[in-house]
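J.: got a sequence here, can you model it:
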Amino acid sequence: MKLGEALQEKLLDVRLRDKLLAEGKVTPKQIEEFLKTIPDDANNAAFTGGEKTSGSSDQ
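T.: Reported below is the predicted structural model:
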């Protein structure tokens, strides 16, 4: 990975995104464009059963 690509990914890292957006270092349009480039891996998700669903009951 080239340095420029690594820096671009760091700017849009979810852990930094909101802070950088508030500081004006990235724009909402830049974030939207980046999100469009990320592949949808929902079909590869593996559910472990650790989360409760809205239909589950503790009774």
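
J.: tell me how many other residues surround Val26.
T.: Val26: 19 surrounding residues under other CB atoms under 10 Å. Using the backbone N, CA and C atoms, a C-beta is placed for each residue, glycine as well.

J.: how many other residues sit next to the closest residue to it other than its chain neighbours?
T.: Nearest residue to Val26, sequence neighbours excluded (CB to CB, 6 or more residues apart in numbering): Leu20, at 4.7 Å. Close neighbours of Leu20, defined as other CB under 10 Å, add up to 17.

J.: distance-wise, check Leu20 relative to Gln30.
T.: 9 Å (CB to CB, to the nearest Å).

J.: pull up the overlap in contacts between those two.
T.: In terms of CB atoms under 8 Å, 6 or more residues apart in numbering, Leu20 and Gln30 are both contacted by the residues Leu11.

J.: tell me the spacing between the residue most central in space within the chain and Lys36.
T.: In the chain, the centroid-proximal residue (CA atoms, centre = their mean) is Val14; its distance is 5.0 Å. Plainly put, Val14 is 15 Å away from Lys36 if you go by CB to CB.

J.: for stretch 26-36, give the mean pLDDT please.
T.: Averaged over stretch 26-36, pLDDT sits at 90.

J.: repeat that for stretch 42-58.
T.: On average, stretch 42-58 scores 74.

J.: quick one: the helices in this structure?
T.: Ranges of helices within the chain are 3-11, 14-22, 28-37, based on DSSP state H.

J.: report the inter-axis angle for the longest one versus helix 14-22.
T.: Spelled out, that is helix 28-37. Interaxial angle, helix 28-37 versus helix 14-22 (axes from the mean of the first three to the mean of the last three CA atoms, to 10 degrees): 150 degrees.

J.: and helix 28-37, what does it pack onto?
T.: The elements that helix 28-37 packs onto, with contact taken as 3 or more CB pairs under 8 Å, 6 or more residues apart in numbering; DSSP states H and E, are helix 14-22.
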